[in-house]
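Enquirer: From the sequence below, what's the structure:
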Amino acid sequence: MTLIISKKEYKLHFGLDFVAYLDKKYFITESGFQLGQGLTYVVAQIELGNPLILLDLIAAGTIAGAKPNVEDVKKYIETEANIEKLMAEFVAALEASPTTSFTMKKLALLSAGASEK
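Expert: Here you go, the predicted model:
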């Protein structure tokens with residue numbers, strides 16, 4: 001996935017560094033252990049339409065490469081991005097990534113099961 005922010009191209013990668021970044025930020029503590037919940041949390045925030053999650057998704061996606069300035073990302077989200085389309089693109093990219101696709105399938109199954117109740 002590639003984004004153009006402030007006329008610069010940024011390639012986002014959804015690998016292990018992406019997951020580790022999110023798990024360090026979003027976790028639960030159980031019996032003294034931190035259990036990463038990053039991907040689960042960001043997908044829930046995407047589904048809820050929270051535009052703030054885009055900041056974390058872009059930061060995590062660029063963790064291993066060139067990183068945009070936070071203020072440029074905010075401006076991009078507020079003025080240039082079609083937020084609904086961008087969130088759908090993130091979901092599609094996460095479903096396609098070898099690192100995150102299994103979790104995305106599991107989350108889809110959980111979501112489908114919850115909606116049947």
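Enquirer: Skipping adjacent residues, who's closest to residue 94 in space?
Expert: Sequence neighbours aside, residue 100 is the residue nearest to residue 94 in space, at 4.6 Å (criterion: C-beta to C-beta, 6 or more residues apart in numbering). C-beta: built from backbone N, CA, C; applies to glycine.
Enquirer: Report pLDDT for the one you found.
Expert: For residue 100, the pLDDT comes out at 96.
Enquirer: Pull up the distance across stretch 20-31, start to finish.
Expert: 21 Å (C-alpha to C-alpha, to the nearest Å).
Enquirer: quick revisit: any idea how many residues pack against the residue nearest to residue 94?
Expert: Neighbourhood size, residue 100 [other C-beta atoms under 10 Å]: 21.
Enquirer: gap between it and residue 65?
Expert: Look at residue 100 and residue 65: by C-beta to C-beta, to the nearest Å, they are 17 Å apart.
Enquirer: can you check residue 14 too?
Expert: The value you get for residue 14 to residue 65, if C-beta to C-beta is used, is 12 Å.
Enquirer: Compare these two (neighbour count), which wins?
Expert: Neighbours per residue (other C-beta under 10 Å) separate residue 14 from residue 65, with residue 14 holding more: 22 against 11.
Enquirer: a strand runs through the more buried one, doesn't it?
Expert: No - going by DSSP: H, G, I helix; E, B strand; the rest coil, the assignment for residue 14 is coil, not a strand.
Enquirer: So for the closest residue to it other than its chain neighbours, what's the pLDDT?
Expert: Sequence neighbours aside, residue 97 is the residue nearest to residue 14 in space, at 3.9 Å (criterion: C-beta to C-beta, 6+ apart). Confidence at residue 97, expressed as pLDDT, is 97.
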